[in-house]
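J.: Any chance you could fold what I've pasted below:
(chains A and B)
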Amino acid sequence: MREMLSMIVVLTVLTAVSGGLLAVVKAKTEPQIEEQVLKFQKAPAIKAIFADATNDPIKERFNAKAEGIELQIFPSTLADGVKAVAFEAKGTGFGGPIGLMVGVNIDTDEIIAARVTTHSETPGIGSRAKEDLSFVGQFAGMSMASNFGTKGQGGEIDAMSGATVTSVGVSQAAVAAQDLYKKLKPEIVKQMN
Amino acid sequence: MAQSLVKEFTKGLWAEIPLFRLVLGLCPALAVTKTCENGIGMGVATTFVLLFSNILVSMLRNIIPSKVRIACYIVIIATFVTIVEFMMQAYTYELFLKLGIFIPLIVVNCVVLGRAEAFAGKNTVLPSAADGLGMGIGFTLALSSLGAVRELIGAGTLTVWGGTPIFTIGHGYIPFHFMVEAPGAFVGLGMMLCLMNLIGKK
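T.: Below is the predicted model of the structure:
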């Protein structure tokens, strides 16, 4: 009985202390991690989406708030005078959350381009969503009102063969982006003018 | 006392170097040593975990009931691995992206658990710290040398830190790509083990 009790007490105390310690470390490193994600994941994605931007979308980023949702918005004016915004939405893939950065023309509601940012998909299989642009390239030119489901789900997106779960995750992120855009567009337009 | 500490420290560098003598920790060794830089990054992360898990396991060795010791060791190791993961994300994000899934997998690295079980659970704090540090540095040396060999042959470059090569074999060299692919890891490790055995043979 004594031994059983000591096992329970030691394990409980140990896991509680380690949980508390990790919470502290996470809270301390979070701002720094966000900065790194912005620099190494979001910034390259935004540069690829707005290749001919005349401004610096990363510097001019702002937060749009509506209906209890807050979203980081990267505004841009393209070389041909088109006004556009980029923002990130998440879906769930095979290895965890997948971030999809979507650039949208705010006058026509058309997607300019989309890129995968953070993900933890299997290297060489699901990670093709990020590396092989022919998959995310499908989003370019689509209207924000399209059905972003995969073809298997009755939508318009061709899934990557061998990486169905990842493809569905990306398509989920696109649907989430659609939802966010619908809710936040008035607020985005207001803040951009 | 000081002498035995030095002995515990140096055994990990040569006589019991984890990768080449004990042949432990092969999963990260084979998977991440595409470049010397990756080997160093993985080695340093493992050293940090080894050092602190050894210290903590040895401090708690009289409190931890022997029936649940493995579970306790894993909790301790996992805590330090997660700290390393946060730190790498915050300060060396590019390296974190390259090492990816293999950082959380340090939890199940048999070098770390092996040292906790075989050494730190039976010895006092100072020798355990020396053992952890020595084994960690030995592991780093092994990973970085394997990485250097594979990178030199497979890509014709040598990268130590920051992603830019410090050394490039001339333009005439045609890289032997096989060495940076997965099977090349086995061949590279085999060659290194062979070399170690040749040197160590009396």
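J.: Now stretch A:38-54: average pLDDT?
T.: Averaging pLDDT along stretch A:38-54 yields 87.
J.: List the buried residues for it?
T.: Of the residues in stretch A:38-54, A:Leu38, A:Gln41, A:Lys42, A:Ala43, A:Ala45, A:Ile46, A:Ile49, A:Phe50, A:Ala53 count as buried by neighbour count, 16 or more other C-beta atoms under 10 Å in any protein chain shown. Where C-beta positions appear, they are placed from N, C-alpha and C, glycine not excepted.
J.: Give me the sheet partners of the worst-scoring helix or strand of chain A on mean pLDDT and which way each runs.
T.: For chain A, the helix or strand with the lowest mean confidence is strand A:62-66, at a mean of 82 (criterion: mean pLDDT, DSSP states H and E). Using DSSP bridges, strand A:62-66 pairs in its sheet with strand A:69-77 (antiparallel).
J.: now the strands for the chain?
T.: As the question left the chain open, I've gone with chain A. Ranges of strands in chain A, per DSSP state E, are A:62-66, A:69-77, A:83-92, A:97-105, A:110-116.
J.: The chain in question should be chain B.
T.: B:157-158, B:167-168.
J.: Pull up the pairing partners for the first one, direction included.
T.: Strand partners for strand B:157-158, identified by DSSP bridges, are recorded as strand B:167-168 (antiparallel).
J.: Quick check: bridge partners of the closest residue to A:Thr108 other than its chain neighbours?
T.: Of all residues beyond its chain neighbours, the one nearest A:Thr108 is A:Ser143 (7.9 Å), with distances taken as C-beta to C-beta, 6 or more residues apart in numbering or on different chains. Taking DSSP bridges, one obtains A:Glu110 as the residues bridged to A:Ser143.
J.: pLDDT on stretch A:157-171, on average?
T.: 90.
J.: what does chain A put close to chain B?
T.: Contact residues, chain A versus chain B (C-beta under 8 Å from any C-beta of the partner chain): A:3, A:6-7, A:10-11, A:14-15, A:18, A:21-22, A:25-26, A:29, A:32-33, A:36-37, A:39-40, A:120, A:123.
J.: and if we set it to 7 Å?
T.: For chain A, the residues in contact with chain B (C-beta under 7 Å from any C-beta of the partner chain) are A:3, A:6-7, A:10-11, A:14-15, A:18, A:21-22, A:25-26, A:29, A:32-33, A:36, A:40, A:123.
J.: and of the buried residues of stretch A:38-54, the nearest to chain B?
T.: A:Gln41 (8.5 Å; C-beta to the nearest C-beta).
J.: ok, and the closest non-adjacent residue to the closest one?
T.: A:Gln41 sits nearest to A:Thr117 (C-beta to C-beta, 6+ apart), 4.3 Å away.
J.: Tell me if I'm right that that neighbour and A:Lys42 touch.
T.: Yes. Between A:Thr117 and A:Lys42 there is a contact under C-beta atoms under 7 Å: 5.7 Å.
J.: which neighbours do the two share?
T.: Residues touching both A:Thr117 and A:Lys42 by C-beta atoms under 7 Å, 6 or more residues apart in numbering or on different chains: A:Glu88, A:Met101.
J.: Residues contacting the helix or strand of chain B with the lowest mean pLDDT, please?
T.: Ranking every helix and strand in chain B by mean pLDDT, DSSP H and E puts strand B:167-168 at the bottom, with a mean of 81. Strand B:167-168 is contacted from outside by B:Gly156, B:Thr157, B:Leu158, using C-beta under 7 Å, 6+ apart.
J.: so how far is chain A from the first one?
T.: The one in question is B:Gly156. In this structure, B:Gly156 and chain A are 23 Å apart, going by C-beta to the nearest C-beta, to the nearest Å.
J.: can I assume that residue is in contact with B:Ile169?
T.: Yes. Assessed by C-beta under 7 Å, B:Gly156 is found in contact with B:Ile169 at 4.2 Å.
J.: Would you map the helices across chain B?
T.: For chain B, the helices defined by DSSP state H cover B:2-11, B:26-32, B:36-59, B:69-91, B:93-99, B:110-115, B:125-155, B:182-200.
J.: Does B:Ala129 touch B:Asn54 like I think?
T.: Yes. B:Ala129 lies in contact with B:Asn54 (C-beta under 7 Å); the separation is 6.2 Å.
J.: And these two? Which one has more around it.
T.: Taking other C-beta atoms under 10 Å in any protein chain shown, B:Ala129 and B:Asn54 do not tie; B:Asn54 has more neighbours (29 against 21).
J.: what about the closest residue to the more buried one other than its chain neighbours, neighbour count?
T.: Nearest residue to B:Asn54 in three dimensions, chain neighbours excluded: B:Gly132, at 3.3 Å (C-beta to C-beta, 6+ apart). Other residues near B:Gly132 come to 30 when the count uses other C-beta under 10 Å.
J.: Kindly report the same for B:His171.
T.: B:His171, neighbours per other C-beta under 10 Å, totals 7.
J.: Then A:Phe94?
T.: 18.
J.: Tell me who's in contact with it.
T.: Applying C-beta under 7 Å, 6+ apart, the residues near A:Phe94 are A:Glu121, A:Thr122, A:Gly126, A:Val165, A:Thr166.
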